[in-house]
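Peer 1: After the sequence you'll find the predicted model.
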Amino acid sequence: MSTLPLSCELSSLTIPSDSRYAGIAARYAMDVARLIGFDDRFQNQIFQGLQVALPALMSYSFEPRERAALDVSCERIPAGLKIVVRDKGLPFGHWGSGLGDPGVAGNAVLSLRDHFDEIYFNNLGPEGKEVVLVKHLEDRSLADFEAACRFQPEDALEATQPLPQAATQCTVRPMEPSDALEISKIVYKTYGYSYSHDYIYYPEKIVALNQSGEVHSAVAVTEPSEIVGHCALSLWSDNPRIAELGQGVVVPRYRSLGCFAKLTEYLIGIARSRGLQGVFGEAVTVHPFSQKTAAQQGLRDCALLLCLLPPGVDFKGLANEPPARGSMIVQFKYLYTPSATEVYAPPQHADMLQAIYANLDAAAVPRILTAPEDLRDEGKPAYKIKLIRSLNSARIRVDRYGSNLVADIRLKLRELCLQRWDVIHLVLNLSDPQTARFCSRFEELGFFFAGILPLGFSFGDALILQYLNTVPAPYSTIQTASRFASDLVAYVRSCDPNPAVFGSEPA
């Protein structure tokens, strides 16, 4: 089996910590991008980004007359170009970690999101620090990378050949570190370079996440030990009692052999063995196949997340492709019979919440309560904002209500809209009686119903509201596999304040 080389087309340049040398380093990176295949527009984005960032980094890292150097390296990677700027100056503080903004230098470096697809700030201890910048190369195949890095490219005719008899069955096993490159390759065969969880294109990241325990990857293999499918169980700190089933891909010519169903069944067993109380997945709505497979494993529809997938997601081998941003159906399965609980439903959504819970488990529908009238908005609110660059979406999770919460959310929503994040989700705890009261106030800002994620909080189920900023809701293109999913789509559309037009900036 092929293994990933230590580097591919790696080069480096050392420059003094003098802003006059920033243009030299920027032209070097631009020329490397041209050799790899980036067009003039993307070359210019790389050049302009470094022209701004390098002087800011020098100013932050060193005293004005301090004699020091920066190392700038460029490396061809499966996704495109990786640029690493390393120095032994002042360690990153708030702006390097993305937690704040102390001034001009912070603004300059954080503005790199306009020029690069991935940005990492790493403190390296005695070795100094580094900024890692990744620019994705569009419309190129993994075979281009393999050929450039002296791999054996795949035969282009292979996909058209009939399967040998030994390859018509697949078995499932845990991923081994040596499988990581093959996993990246089958993701390309399925999605090109458009898959939203872009860590999957980096074999070393797949290995690291599995070693950390955050992800448990499984692969489907044929009798000749060929890897033809992948799926992963992902753990999130925000909802520690459940796990996500995702990154499910099967090589196009091996579809319809039951590999995806076997992967899902295997990972559900892993989740049970770890004592998790539920699993969930997000199935695309451009076709009903993945929804059907999840339903066969007992996952049931509970939310509709509109316009979550970027418009470039490419479903190889399928005739139907999303004309714009694609939507996702959230499906959930309890791994243990849930005990009857109580949830505080916003009155306007009480009937729909009752229906969702009945769809999940008719024998364990919680009591739907309304909030007491004497509740007060006291104390300081607590909430978290997560920005997901690969999806161009944001998620606001409310952990505690307070007197200024609505004003805070209004301000944050306005900022996110001005920054042109396409979709913003608001996640509320249904075990908190304040949720029933605040929901309407958030809907006045333009948020509307998406559904629920059971056990989405450490103690409680999550109510999900959504806001569409720059994109229209593509209701006419949504395909569903169940009657309940169709009803859910219709209900979400009835709640959408702009069901046929683009979202607008909040007042």
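Peer 2: Great, that's in hand. Numbers count the residues shown, from 1 in each chain.

Peer 1: Return the residues in contact with L488.
Peer 2: Counting by CB atoms under 8 Å, 6 or more residues apart in numbering, L488 touches 301, 303-304, 329, 356, 451. In short, each C-beta sits where N, CA and C put it, glycine included.

Peer 1: pLDDT at it, what is it?
Peer 2: On pLDDT, L488 comes in at 97.

Peer 1: Kindly report the same for Q247.
Peer 2: 84.

Peer 1: The helix or strand in which it is found - which strands sit beside it in the sheet, and in what orientation?
Peer 2: Here Q247, judged by DSSP states H and E, is contained in strand 242-250. If you go by DSSP bridges, strand 242-250 pairs up with strand 227-235 (antiparallel), strand 278-284 (parallel).

Peer 1: and the first one, average pLDDT?
Peer 2: Spelled out, it's strand 227-235. Taken as a whole, strand 227-235 has a mean pLDDT of 91.

Peer 1: returning to that earlier point: as JSON lines, the strands paired with strand 242-250 with mean neighbour count and distance to E415 would be great.
Peer 2: As requested, the strands paired with strand 242-250 are exported to JSON lines (neighbours: other CB atoms under 10 Å; distance: least, CB to CB, whole Å):
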{"stretch": "strand 227-235", "mean neighbour count": "23", "distance to E415": "28"}
{"stretch": "strand 278-284", "mean neighbour count": "23", "distance to E415": "26"}
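
Peer 1: ok so, going back, out of the contacts of L488, which one sits closest to V187?
Peer 2: Nearest to V187 among the contacts of L488, counting by CB to CB, is I329 at 21.0 Å.

Peer 1: Next one: the closest one relative to P288, how far apart?
Peer 2: Computed as CB to CB, to the nearest Å, the I329 to P288 distance reads 9 Å.

Peer 1: Give me the common contacts of the two.
Peer 2: Applying CB under 8 Å, 6+ apart, one finds that I329 and P288 are jointly contacted by T480.

Peer 1: E130 is in contact with L124, correct?
Peer 2: Yes: contact criterion CB atoms under 8 Å: L124 and E130 qualify, at 6.3 Å.

Peer 1: which one of the two has more residues nearby?
Peer 2: Applying other CB atoms under 10 Å to L124 and E130 shows that E130 carries more neighbours, namely 18 against 13.

Peer 1: Can you give me the domain boundaries for this structure?
Peer 2: As assigned by automatic domain parsing, the chain contains the domains 11-136, 168-334, 342-495.

Peer 1: so where do the helices sit in the stretch 151-300 of the chain?
Peer 2: For the stretch 151-300 of the chain, applying DSSP state H, counting those that start in this stretch gives helices covering 180-191, 203-212, 259-273, 289-296.

Peer 1: May I see these arranged in a markdown table, with mean pLDDT as well?
Peer 2: A markdown table is the format used below for the helices of the stretch 151-300 of the chain (pLDDT from 0 to 100):
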| stretch | mean pLDDT |
| --- | --- |
| helix 180-191 | 77 |
| helix 203-212 | 86 |
| helix 259-273 | 93 |
| helix 289-296 | 88 |
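
Peer 1: Out of the ones you listed, which is the most enclosed?
Peer 2: Of the helices of the stretch 151-300 of the chain, the one with the most neighbours on average (mean count of other CB atoms under 10 Å) is helix 180-191, at a mean of 22.

Peer 1: Which neighbours do L124 and E130 have in common?
Peer 2: Counting by CB under 8 Å, 6+ apart, the shared contacts of L124 and E130 are R86.

Peer 1: re earlier: okay if I get the strands paired with strand 242-250 as CSV plus distance to G269?
Peer 2: Output for the strands paired with strand 242-250, formatted as CSV (distance: least, CB to CB, whole Å):
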stretch, distance to G269
strand 227-235, 10
strand 278-284, 10
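
Peer 1: quick one: terminal-to-terminal distance for stretch 327-346?
Peer 2: One end of stretch 327-346 sits 24 Å from the other (CA to CA, to the nearest Å).

Peer 1: Return the set of buried residues in that stretch.
Peer 2: Using 16 or more other CB atoms under 10 Å as the test for burial, stretch 327-346 gives 327-335, 338, 343-346.

Peer 1: which one in those residues is the model shakiest on?
Peer 2: When these are compared on pLDDT, P338 comes out lowest, with 80.

Peer 1: wouldn't that residue be in contact with A363 here?
Peer 2: No: using CB under 8 Å, P338 is not in contact with A363, being 9.1 Å away.

Peer 1: average model confidence for stretch 499-506?
Peer 2: On average, the pLDDT along stretch 499-506 is 49.

Peer 1: Run a quick neighbour tally on V52.
Peer 2: By other CB under 10 Å, 18 other residues sit near V52.

Peer 1: What residues sit buried inside the helix or strand containing it?
Peer 2: Under the criterion of DSSP H and E, V52 resides in helix 40-61. Neighbour-count burial for helix 40-61, counted by 16+ other CB under 10 Å, picks out 42-43, 45-47, 49-61.

Peer 1: Any idea how far it is from the middle of the chain?
Peer 2: Averaging C-alpha positions (CA atoms, centre = their mean, to the nearest Å) puts helix 40-61 26 Å from its chain's average.

Peer 1: what's the answer for stretch 281-288, then?
Peer 2: Chain-centre distance of stretch 281-288: 15 Å, with CA atoms, centre = their mean.

Peer 1: mind saving the C-alpha coords of that stretch as CSV?
Peer 2: The C-alpha coordinates for stretch 281-288 follow below in CSV (Å, rounded to 0.1, in the frame of the first residue of the first chain):
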residue,chain,number,x,y,z
GLY,A,281,-26.1,11.9,11.5
GLU,A,282,-26.7,14.6,8.8
ALA,A,283,-28.0,13.2,5.5
VAL,A,284,-28.0,15.2,2.3
THR,A,285,-31.3,16.1,0.6
VAL,A,286,-30.0,16.1,-2.9
HIS,A,287,-30.9,12.4,-3.0
PRO,A,288,-32.7,10.1,-0.6
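
Peer 1: residues in contact with that stretch?
Peer 2: 244-246, 248, 290-291, 294, 299, 305, 308-309, 315, 318, 320-322, 326-331, 477-481.

Peer 1: Which of the residues you listed fall in strands?
Peer 2: Residues of the contacts of stretch 281-288 located in strands (DSSP state E): 244-246, 248, 305, 308-309, 326-331.

Peer 1: if we can go back for a sec, Serialize the buried residues of stretch 327-346 to CSV and add fields for distance to R441.
Peer 2: Formatted as CSV, those follow (distance: CB to CB, whole Å):
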residue, distance to R441
S327, 26
M328, 26
I329, 28
V330, 24
Q331, 29
F332, 27
K333, 33
Y334, 31
L335, 35
P338, 29
V343, 19
Y344, 15
A345, 15
P346, 10
